[in-house]
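# task: produce atomic coordinates for the following.
(chains A and B)
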Amino acid sequence: MPNMGRYEEVVNSFSWEISEKELGYRPGDIINIGEYCSDRNLRLGRKDRPALIWEGHSGEVKKYTFYEMSVLTNTIAGFLKNLGLQPGDRICLFMDRIPELYFGFLGILKMGGIAQPLFSAFGSESLITRLEDAQTAAIITQRKHLPKVRNIVESLPYLKHIIVVDDDGTKSLREKEIAFHMDKAPRLEKFDIYPSRAETPSVLHYTSGTTGKPKGAQHVHYSLISQYITARYVLDLRENDIYWCTADPGWVTGTSYGIIGPWANGNTQCVLDAGFKAETWYRFIEKYKITVWYSAPTAIRSLMKEGEEAVRRRNLSSLRHLCSVGEPLNAEAVHWSKNVFGLPFHDTFWQTETGSIVISNYPEMPVKAGSMGKPFPGVTATVVDLKTYQPVNKPGVVGLIALKPGWPSMFRTYWRNEATYQSKFKNGWYICGDRASIDEDGYYWFVGRDDDVINTGGHLVGPFEIESALLEHPAVAESAVVGKPDPVNMEVVKAFIALKPGNSPSQELELDIMNFIRKKLSPLAMPQEIEFVDSLPKTRSGKIMRRVLRAKEWGEEIGDTSTLEND
Amino acid sequence: MAEVREVILNYVKNEYLEEDDDREVGFDTPLISGGIVDSFSMVSLKRFLETRYKIQIPDAKATPEAFDTVNNIVALLKEFNVQ
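Model prediction:
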């Protein structure tokens, strides 16, 4: 029987107190995610259980028990404190998926810092935007990413320390840089964990919007209450599960369900720090006997492309429960997984701002392939009218997904941007920015984003950030960036570009612009297609009308063009 | 053929490794599964090959396996008479 039991029963009896009680938390108590994920497991007799089994791309394997994890996270926390870093300081994690990233995250929380994970493929421009805004005090990184940090260090007056976890002494470190080797550092058995309370800030995850710079969604230690119970109920994590979350902790899935949820439940986690390859993934599941697997539609569709034969070559019978997140999971992918794994992928919906799963398919609830599922017990959700923000209350009518504020892991603000935070609430609802309908059985069906944000491979990319960076290319006069449909990634970035006089479209220029954005921002932001145009559609006031270009890409009606400049 | 291999290897080193990245990259180094070229960046590598050798590589042939090493890419290019 799954942890959750029957959805219809639980939804009527659930309260967040259930999670609080299971965690031994009472309102007003100290609550520190770092402690709950590591030391608490020792008190519960999980000292010798593997906490992390890590495999690198070259096949190197590292294993850590909960006891080792507790000591190593203490060691990191002590190191940061000795550097003079203070509770409340933003400490950035800028690393590949190596053990130091996972333990560094908990170490930061243990000493009271605010963990700011950033995707290690980010280029200097993406980094500076997020570090400047957060006024980050320290960065923990690897040698291979140090050049990107060095490029921007002069522009970051708040940055005091750059901690390098794999310095080998072959190249001298510069001012502010300091080496730290987690496995070799003197181990700290005891550490006075920072006595954080429910509303103490914990994690800062940056997310992209349609306009303006990326915003830092700020979470608090009380988010644990949601993350713990959703990992138990939705991912159905049980005492002896071996769990694999394929997400990178540079994004929220990688922290909420790649660190906090599973370790608060005392589960063994496996991490594969390697690029995507179907054969490698199946070998990994077979080798470590993964039981619960949380992945993304893009990865699932890539596996589908590789065919069933690759699955049949491996013994994947350990798999017990499969979940997916990041973008809507198409019905074909659900049918395919049932066919090849004997198990359906369960789609889950949430976002950086929600901090935990808010709408989902559950183990005991029949899966309607292609549906997002139903609201998590304790979360009040609906779809509201696009203009009035009143619940539509009619099956099949498309509106905006809206949540009643109050679930524990809801973000508390956008860092230094309270006005934008407030603008997300309408008529007493938090508006997610996604359109959906609800059917007569209460299942939610995703329709699309309600803004210009591009969801590529499960990651949100803001068009404004790319357009701004494109303007820095010497040949670009102006540009508009939209999402283009893609069979694997759902959407990919497409840029419409008008060139400056003296430049002509060519394949070489297209490649040069692609690489320019890839290095400046990230591979995710790189336009996968560029269309050179003479001019862009604009309103009479000169604003570029992305929706006209987007509609063209999606084969949709353009809609009202009365404000178009040259129609 | 040797020249094609060198051109691709140099391109990978120059475009996908950071300035100070001292990882050894050879003709059989895993690029995709080794995390040097991610699946999004693979599109730019494909575009480079198409531009440089004046060919069109269908998406169905541009798989992570086909792009996983320089030698795999060279084998793929042979299908397009690039040697």
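# who touches the closest residue to chain B within chain A in this structure?
Closest contact between chain A and chain B, by CB to the nearest CB, is at residue A:523 (3.8 Å). No exception for glycine: its C-beta is placed from N, CA and C like everyone else's. Shown in contact with residue A:523 (CB atoms under 8 Å, 6 or more residues apart in numbering or on different chains): A:121, B:38, B:40-41.
# just the pLDDT for it.
For residue A:523, the pLDDT comes out at 95.
# check contacts around residue A:81.
So residue A:81 contacts residue A:111 (CB under 8 Å, 6+ apart).
# try 10 Å
Listed by CB atoms under 10 Å, 6 or more residues apart in numbering or on different chains, the contact partners of residue A:81 are A:87, A:107, A:110-113, A:188, A:191-192, A:194.
# ditto for residue A:530
Here residue A:530 is in contact with A:470, A:476, A:479, A:481, A:493-497, A:505, A:507, A:509-511, A:513-514, A:517, B:47 (criterion: CB under 10 Å, 6+ apart).
# work out for me the element residue A:301 sits within.
Residue A:301 is part of helix A:297-306 when elements are defined by DSSP states H and E.
# now the contacts of residue A:81: which count as buried?
Among these, those classed as buried by 16 or more other CB atoms under 10 Å in any protein chain shown are A:107, A:110-113, A:188, A:191, A:194.
# mark which of these are part of helices, please.
Using DSSP state H, the subset of the buried ones among the contacts of residue A:81 located in helices is A:107, A:110.
# relative to residue B:71, which of the buried ones among the contacts of residue A:81 is nearest.
residue A:107 (41.4 Å; CB to CB).
# what residues does chain B have near chain A?
Residues of chain B that fall close to chain A, judged by CB under 10 Å from any CB of the partner chain: B:15-23, B:29-48, B:50-52, B:54, B:59-60, B:63-65, B:68.
# on that earlier part again, now the contacts of residue A:530: which count as buried?
A:470, A:476, A:479, A:481, A:493-497, A:509-511, A:513-514, A:517, B:47.
# hang on, the earlier thing: separation between the residue of chain A closest to chain B and residue B:77?
23 Å (CB to CB, to the nearest Å).
# name the element residue A:432 belongs to?
Applying DSSP H and E, one finds residue A:432 within strand A:429-438.
# kindly report the same for residue A:346.
Residue A:346 belongs to strand A:345-349, assigned by DSSP H and E.
# the helix or strand that comes right after that strand: how far from the chain's middle?
Per DSSP H and E, the first helix or strand lying C-terminal to strand A:345-349 is strand A:359-360. In terms of CA atoms, centre = their mean, to the nearest Å, the centre of strand A:359-360 is set 16 Å apart from its chain centre.
# tell me which residues are up against strand A:359-360.
Contacts of strand A:359-360 (CB under 10 Å, 6+ apart): A:7, A:230, A:233-235, A:323, A:325, A:346-350, A:371-376, A:379, A:381, A:401, A:403, A:432, A:434, A:436, A:443-444, A:446.
# what separation do you get for residue A:135 and residue B:43?
35 Å.
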